[in-house]
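In: The sequence isn't on hand, but the structure is:
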C-alpha cells in the first residue's frame, strides 16, 4: 500500500486587528469565500485560464461542487466541494475540500508532474481577526514537510545548472494586509511558473479560503 504523506497547519491572525468605533462595528458584517482553485497561465504564448472553481461566498452561493475540471491539456482538478456560512453570532467561515489535483505543465521543460491526492483550505472569523487552516495529503513531485510554516516555498530547479527555476511551490500561502485589519487569505498550494522569467508564466492555486471580520 502506498504511503500517504500528510501535513496539517493552522495559521491564526487575531492580534493587531483593526479596532473600529462601537457604532461602526455594529454596522459591519463578516465575510468569507472559498474555491477549489484557479489557473491563469501563459505557456509558450498560449493563454489558459480557469476558475475560481466551485466558488462559494457567504453572500451567495453558499456552496459549490465540481465533478472535476480539466484546465488545458496539462492540469486537472478532481472532485471537490466548498461551503460558506455566516452564523447567527456573526461568525463567518469558508471551506474548500478537494481531491486528485494533477498538473504536468512543467514536464515539457524537464520538471516533475505534481500531484495532490487530497487538499483543503478553510478559514473562520473571530471577534477581531481570522484563523486559517490548510491540509495537503498524498503528494508527489515535491517533498511535503511534516509541519508547514506559512508561505513555505519549494523551488523547482531548471533542467541544467544555471537555468532559471521552473517554478516555485508555495505551501500554506498566507496573506494579510499591512497594517493588519483582521482579514486573511490562505491557499493550500500555489504553483508559480518561471518566477524569474522563461517560456511560461502565471500560477495555479489549489484550495483557497478568505475571511474578513469587518467585511462590509
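Out: Perfect, I can see it now. Bear in mind that the values here come from a model prediction, so they are computed numbers and not experimental data. Numbering: from 1, shown residues only.
In: give me the number of residues near residue 137?
Out: Counted by other CB atoms under 10 Å, the residues lying close to residue 137 total 16. Where C-beta positions appear, they are placed from N, C-alpha and C, glycine not excepted.
In: For it, give the beta-bridge partners.
Out: residue 6, residue 118 (DSSP bridges).
In: Could you pull up the residues touching residue 159?
Out: 109-110, 166 (CB atoms under 8 Å, 6 or more residues apart in numbering).
In: could you redo the last one with a cut-off of 6 Å?
Out: Residues in contact with residue 159 (CB atoms under 6 Å, 6 or more residues apart in numbering) are residue 110.
In: So the residue most central in space within the chain versus residue 194, what's the distance?
Out: Centroid-nearest residue in the chain, with CA atoms, centre = their mean: residue 187, separated by 2.0 Å. Separation of residue 187 from residue 194 (CB to CB, to the nearest Å): 19 Å.
In: Check residue 102 too.
Out: Here the criterion is CB to CB. By it, residue 102 lies 20 Å from residue 194.
In: Kindly report the same for residue 86.
Out: For residue 86 relative to residue 194 (CB to CB), the value is 40 Å.
In: Any regions of this structure where pLDDT drops low?
Out: Residues of the chain meeting the criterion pLDDT under 70: 1-27, 216.
In: Okay, helices next: where are they in it?
Out: 22-27 (DSSP state H).
In: about what we covered before: need the contact list for the residue nearest to the centre of the chain.
Out: Under the criterion of CB under 6 Å, 6+ apart, the neighbours of residue 187 are 173, 205, 208.
In: The last one contacts residue 38, doesn't it?
Out: So that's residue 208. No. Here residue 208 does not reach residue 38: they are 7.5 Å apart, not a contact under CB atoms under 6 Å.
In: Show me which of the two is the more surrounded one.
Out: Using other CB under 10 Å, the more surrounded residue of residue 208 and residue 38 is residue 208, with 28 against 19.
In: List the beta-bridge partners for residue 170.
Out: Going by DSSP bridges, residue 170 forms beta bridges with residue 153, residue 190.
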